[in-house]
Every structure is written in structure tokens, then in C-alpha cells.
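Enquirer: next comes the sequence, and after it the predicted model I'd like to discuss.
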Amino acid sequence: MKQTIIALASFAIGSATFAGNTYQATGPVVEVTDTKIVVQKDKEKWEIARTAQTKTNGTPKVGDKVTVYYTMTASSIEVKPGKAEATEKEAPAKK
């Protein structure tokens, strides 16, 4: 089963302080491009986004063992009314 995590990869400890919780994924590199790195973690493959701000201490290659530090940051949030709120709008007010 392939689990995909799209997250902003972050290696800077300073930025992690402002970003909230940091997480890590350690394992061999399965695939690497300029925009993502795929790490095999146990039986799952973790796909993590890379940006121009992603810092590395070398050039990761397929087969290298890496530890990716990342944060989960929302890019957008869509709000939908809850059931109670929707019911109130549908039922006309009694007088």
C-alpha cells in the first residue's frame, strides 16, 4: 500500500520553531526529483514535496538512506456548514 504525504520539507531547525510540529521519515530513497523525494518507510512509500527552500547536506540518490524532516502546513481550508447549522437554515422559524 502506498501512502502519499505531500508536505513542505523543512531541514532548518529555526523555521521549524515557527512552523509547529516537525516530523521525520527515515529510509532508503526510492525516487528523487527537483520537486519531490520518495522514501520507503517500512512497507509504505512516503512522497514528500521539495522546494527551492529545502536544504540538504548533499545530493540524495536512489538507494541512499535519508532522514527527511518536514512539517504539515495547510495550503487551503474549505469550510462547510455542520449538520446542526444546516438544519437551522432549512427549517423555517416558528412564530
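Expert: That came through fine. As the structure is a prediction and not an experimental result, all values here were calculated from the model. Residues are numbered from 1 along each chain as shown.

Enquirer: who does the longest strand along the chain pair up with?
Expert: Across the chain, the strand with the greatest residue count (assigned by DSSP state E) is strand 23-32. Applying DSSP bridges, strand 23-32 is found paired with strand 36-41 (antiparallel), strand 65-71 (antiparallel).

Enquirer: so which of those is the most packed in?
Expert: Across the strands paired with strand 23-32, the average number of neighbours (mean count of other Cβ atoms under 10 Å) peaks for strand 36-41, which reaches a mean of 19. Where you see a C-beta, it was placed from the backbone N, CA and C, and this is true even at glycine.

Enquirer: alpha carbons of that one, as PDB, please.
Expert: What follows is strand 36-41, C-alpha atoms only, in PDB (Å, rounded to 0.1, in the frame of the first residue of the first chain):
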ATOM      1  CA  LYS A  36       9.800  15.600  -4.600                       C
ATOM      2  CA  ILE A  37      11.600  12.800  -2.700                       C
ATOM      3  CA  VAL A  38      10.100   9.300  -2.200                       C
ATOM      4  CA  VAL A  39      11.300   7.400   0.900                       C
ATOM      5  CA  GLN A  40      10.500   3.800   1.700                       C
ATOM      6  CA  LYS A  41       9.400   3.700   5.300                       C
END
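
Enquirer: low-confidence regions, this protein specifically.
Expert: Under the criterion pLDDT under 70, the flagged ranges of the chain are 1-19, 85-95.

Enquirer: ranges for the helices of it?
Expert: With DSSP state H as the criterion, the chain has helices at 13-19, 83-90.
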